[in-house]
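> model the following, please.
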Amino acid sequence: FWAPWCAPCRALKPVLEKLAAEYGGRFLLARVNSDEFPQIAQHFGVRSIPTVKVIKEGRLADEFNGALPEGEVRAFIERLLPPSAASEREQAALLSAEGRFEEALALLLHALQANPGDEALRLDSAEILFELGRLDEVAQLLDGEFEQENDRARTLRARLDLAAAPVDPDQLGQLQAKIAADPDDHAARLELSAAQAAGGDYRAALESALEVVRRDRNFGEDAGRKAMLRLFEALGGNARYD
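Okay, here's the model as predicted:
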């Protein structure tokens, strides 16, 4: 609430406008000339100007009077705003590092609701869903175009392709037995590499594919090297090599 004759109002106005632009729509600045709209000023109980009142979810959340310095106005705003998408990403990363994937995912999805076009949030969520084994949801998040995060999206799609085949522990054992009986059974070794990759054991998958290259580089039209390239593409982002 302000008036043209009010010098403190003129001092506060550019501060509020600067912060409104800086926060990029996280709050809406509405200026009310209390001389032109005295009924609105009366409704909100304005007794002096400038007065700043914060309406949040339809209710008065906080207020201040007078022309405060920019630092104090910024602190006032920060106390009232929900965490930014960047802040929620940081919190989610910490939770994920502690193995608290469900909590991390909840934070990311909340941020994504407010910022549906944020590619980094989509990909962060996809990575958490990988950890939780929810591959159908990963595929949904990776659907569509990624202009700013194209390389990271391509890496996650490669991981999704590798993870598409379900891993049967009995199958792993059978393949390992076949290779033990015939170390030159390159087809079985490549099949083992694919199964290991599907289970997220990228180190073992790479070692299996590399062993094919060592033993017969030309097997299956360079199949061992091609398998390694697919794995390297999947490891291009944040996949753990362990």
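> which residue packs closest to Pro183, ignoring adjacent ones?
Of all residues not flanking Pro183 in the chain, Arg215 sits nearest, at 7.5 Å (C-beta to C-beta, 6 or more residues apart in numbering). For the C-beta atoms, the positions are set from N, CA and C on the backbone; glycine is no exception.
> so Ile171 sits right up against Ala195, yeah?
You called it Ile, but residue 171 is Gln. Yes - here Gln171 reaches Ala195: they are 6.1 Å apart, a contact under C-beta atoms under 8 Å.
> the more surrounded of these two?
Ala195 (22 against 14; other C-beta atoms under 10 Å).
> tell me the pLDDT of the more buried one.
Confidence at Ala195, expressed as pLDDT, is 88.
> remind me what the one helix or strand it maps to packs against, helices and strands.
For Ala195, the element it lies in under DSSP states H and E is helix 186-198. Here helix 186-198 touches helix 150-163, helix 169-181, helix 202-215, helix 223-234, going by 3 or more C-beta pairs under 8 Å, 6 or more residues apart in numbering; DSSP states H and E.
> low pLDDT regions in the protein?
Along the chain, the model assigns pLDDT under 70 to residues 83-86, 165-167, 237-242.
> change it to 50
Low-confidence segments of the chain (pLDDT under 50): 237-242.
> give me the number of residues near the residue lying closest to Asp62 once chain neighbours are set aside?
Excluding its sequence neighbours, the residue lying closest to Asp62 (C-beta to C-beta, 6+ apart) is Val54, at 4.7 Å. Neighbours of Val54 under the rule other C-beta under 10 Å: 16.
> so what touches the helix or strand hosting Val54?
Assessed by DSSP H and E, Val54 sits inside strand 51-56. Residues outside strand 51-56 that contact it (C-beta atoms under 8 Å, 6 or more residues apart in numbering): 1, 12, 16, 44, 46, 60-65, 80.
> longest helix in this protein, please.
helix 7-22 (DSSP state H).
> and it, what does it pack onto?
Under the contact criterion of 3+ C-beta pairs under 8 Å, 6+ apart, helix 7-22 touches helix 70-80.
> just how off-centre is the following helix or strand past the helix it packs on within its chain?
The helix or strand immediately downstream of helix 70-80 is helix 85-97, counting by DSSP H and E. Its chain's C-alpha centre and that of helix 85-97 lie 8 Å apart, by C-alpha atoms, centre = their mean, to the nearest Å.
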